[in-house]
Every structure is written in C-alpha cells, then in structure tokens.
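Undergrad: What follows is a predicted structure for the sequence shown.
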Amino acid sequence: MSSEEKAILNTKDKMPEFTETPPAMQKPKSSPQALKERLEWGEPGFTILDVRDRDSFNKCRIMGAMPSPLNDPDVAERTRASLQKNREIYVYGNTDEESAEAASQLHADGFNEVAAIEGGLAAWKAVGAPTEGTQEQGEKVAGKGAYTLGERLEENQDVQEKF
C-alpha cells in the first residue's frame, strides 16, 4: 500500500461519520414502526412472511409479504425452502403468539435472523404502513369479461361517465 493510500485511510478513520445508516433489525421482536423505517430506507435485503391462513392473506397483507401459512405445512415448507438461512425474516400472524410460534419454527429450521412483528397486521396498519390485497381494493372481484377490453369498458362505464 502506498503512502498516499495509507494517508487517505488514516484520514477517513479520523473523520466523523456523516452518513446516516438504516436501523438494524430488532430481534426477537420488532415493532411495526422499526420495520416501516427500514422499508423507507429502501432496504430490500429482508423477507416478510405472513403466517395467517390463505384467505386472510389474500384479503389484506403487508405489502410485499409472502404467504407461509401455519395451517398449510406444504406451502410453508416451499416458502422456507426458497429462502437462504442467513436472510433477515420478519413474520406476523393473527396474534403475537402465532407470530412467535412461526419465528420459533424458523429458528428450529436453522434461520437465525428472525423477528416477530409485534401486533401483527393491525399494528402495521396503525403506523400507516402500506398494505395490499382484495380488501384494500374494495373487495371488487373481476367479472367474467375482465380480460377483454369491451367487457371491461362496460363494467367500468360508471367511472367513465364521471370524466
């Protein structure tokens, strides 16, 4: 290493840290606010698992969450198999107990970076964090012609009339 490189490194070490860093993962429990802050930092390096039943997942979930229902071991196993053991994982269920059970199962499967989201989906919504699902879309179910332009125009005529 040249003397210039050493001088640069030495100077860097002495300078105060000006760049803010994102919050670290809280374990074994995480507040919804802490997870929301990590998402707002744009940190895509973690996974959110929804361990509720499929119907609940479809109705409303944390945006970007993956289904891993405790009541369907096959789906949960496929989800876990797709994840790296060192991946940071947040889990939530209908209750804190359900979230803790899922986190415990993940730990038993060799995942070390796991946190249960305290308060689940209700707490997530309470901090104004984003959700998605059919309930978020007003429970509107696509009609028989949802994939043809003419049928879609007919179904949405009321919206067109407003403009």
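TA: Everything's here; your move. From a predicted model like this one, the values you see are computed outputs, not experimental measurements. Numbers count the residues shown, from 1 in each chain.
Undergrad: got the residue ranges for the strands in the chain?
TA: 29-30, 46-50, 61-62, 66-67, 88-92, 114-117, 131-132 (DSSP state E).
Undergrad: any chance of these in TSV, with mean neighbour count and distance to Ala81 too?
TA: In this view, the C-beta of every residue, glycine as well, is placed from N, C-alpha and C. Shown next, in TSV, are these (neighbours: other Cβ atoms under 10 Å; distance: least, Cβ to Cβ, whole Å):
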stretch	mean neighbour count	distance to Ala81
strand 29-30	18	24
strand 46-50	22	13
strand 61-62	24	21
strand 66-67	18	12
strand 88-92	26	13
strand 114-117	25	16
strand 131-132	14	24
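Undergrad: Can you check which of the ones you listed gets nearest to Lys6?
TA: Lys6 lies closest to strand 88-92 among the strands of the chain, at 35.5 Å (Cβ to Cβ).
Undergrad: strands paired with that closest one, and their directions?
TA: Note on strand 88-92: by DSSP bridges, its sheet partners are strand 46-50 (parallel), strand 114-117 (parallel).
Undergrad: any idea of the mean pLDDT for it?
TA: Strand 88-92 comes out with an average pLDDT of 95.
Undergrad: Specify the stretch among the strands of the chain that is closest to Ser82.
TA: Closest to Ser82 of the strands of the chain is strand 66-67 (Cβ to Cβ; 8.4 Å).
Undergrad: Just give me how far the closest one sits from the chain centre.
TA: 9 Å (Cα atoms, centre = their mean, to the nearest Å).
Undergrad: Okay, and the beta partners of the residue most central in space within the chain?
TA: By Cα atoms, centre = their mean, the mean C-alpha position of the chain lies nearest to Ile48, the distance being 3.5 Å. Applying DSSP bridges to Ile48 gives these bridge partners: Tyr90.
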